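Q: Got a predicted structure plus its sequence, pasted below:
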Amino acid sequence: MNIHSYINNDILPLLPNYPVKMVRGMFSDCTNTHISVVEDNRLLGNISEDDVQGFDPEKKVSDYLYALDLFYVQKHTNWLDVLEAFAKYNANVLPVLDENNIYIGYYELIDIMNLFKETPFLNEPGGILIIEKGNIDYSFSEISQIVESNDGKLLGAFISDEEGDVTQITLKLGTSGLNNIIQAFRRYSYNIIAGNEEDSYIEALKDRSNYLDKFLKI
């Protein structure tokens, strides 16, 4: 998926000799959490809106280079790693550097999220299934085999949580055969955390329990 067309230059990067007062004004005119600081087209770091409010407005950016947050992605970074970087750095903009580490612009979180919405993972109809298993006991090849051997279609999968020695995986599946797939995962010792369609296995257990209860009362 090519995301290069989303590289933005609407807000130009700051130079070290810019006064803090001007930078504050720039933040008031945009919704960015950070603005990049460059010198000779080299990224020095990113100044945050929260930090700049505590700086002396009569000083320059160069007086606060120690406070800059240094983060970026490369032009060749794939879109999933770009999404991960947004979350890691708690920012809504990410500076982009080319293969020579020259600053060429920035990505905006809203653009990348809109791109994500167009992927089959979110755009195609289907069911969401969350499973978990020990870190060393699962594999994506096994997960794919379980889905496809039960006439299912795997539209996407990602690791959504890790706690201790247990990994949680979120799956997007085609619309057919979800209950059969759930039972198959149970046979392979996966724990079912959630599914957005009715799990007939649980309903069957409830029916059998009700039947047994009636039988014992006879």
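A: Here it is on my side, so go on.
Q: Outline the domain layout of the chain.
A: 4-116, 120-202 (automatic domain parsing).
Q: least reliable of these going by mean pLDDT?
A: Mean pLDDT per stretch puts domain 120-202 lowest among these, at a mean of 84.
Q: Which parts of the longest strand seen in the chain count as buried, going by neighbours?
A: If you go by DSSP state E, the chain has its longest strand at strand 154-163. Residues of strand 154-163 classed as buried: 154-155, 157 (neighbour count, 16 or more other CB atoms under 10 Å). For glycine as for every other residue, the C-beta is placed from the backbone atoms N, C-alpha and C.
Q: what packs against the next helix or strand after it?
A: Downstream of strand 154-163, the next assigned helix or strand under DSSP states H and E is strand 166-173. Where contact means 3 or more CB pairs under 8 Å, 6 or more residues apart in numbering; DSSP states H and E, strand 166-173 is packed against helix 120-123, strand 127-134, helix 140-149, strand 154-163.
Q: Any chance of the ones you listed in TSV with distance to residue 79 as columns?
A: Formatted as TSV, the helices and strands packed on strand 166-173 follow (distance: least, CB to CB, whole Å):
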stretch	distance to residue 79
helix 120-123	12
strand 127-134	21
helix 140-149	19
strand 154-163	13
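Q: Of all the ones you listed, which one comes closest to residue 188?
A: Checking the helices and strands packed on strand 166-173 against residue 188 by CB to CB gives helix 140-149 as the closest, at 6.1 Å.
Q: in the protein, which spans are strands?
A: Secondary structure of the chain by DSSP E: the strands cover 34-39, 42-48, 73-74, 93-97, 103-108, 127-134, 154-163, 166-173, 191-195.
Q: Paired strands for the longest one, with orientation please.
A: Taking DSSP bridges as the criterion, strand 154-163 pairs within the sheet with strand 166-173 (antiparallel).
Q: What of the third one?
A: For strand 73-74, the paired strands and their directions (DSSP bridges) are strand 93-97 (parallel).
Q: Now do the partner strand: distance to the chain's middle.
A: The gap between where strand 93-97 is centred and where its chain is centred comes out at 16 Å by CA atoms, centre = their mean, to the nearest Å.
Q: what comes up buried for that strand?
A: Buried residues in strand 93-97 (16+ other CB under 10 Å): 93-97.
Q: Please identify the deepest-packed of the strands of the chain.
A: Counting by mean count of other CB atoms under 10 Å, strand 93-97 has the highest mean neighbour count of those, with a mean of 23.
Q: now the angle from it to strand 103-108?
A: Interaxial angle, strand 93-97 versus strand 103-108 (axes from the mean of the first three to the mean of the last three CA atoms, to 10 degrees): 150 degrees.
Q: Strand 93-97 versus strand 34-39: what angle between them?
A: Going by the same axes, to 10 degrees, strand 93-97 is angled at 30 degrees with respect to strand 34-39.
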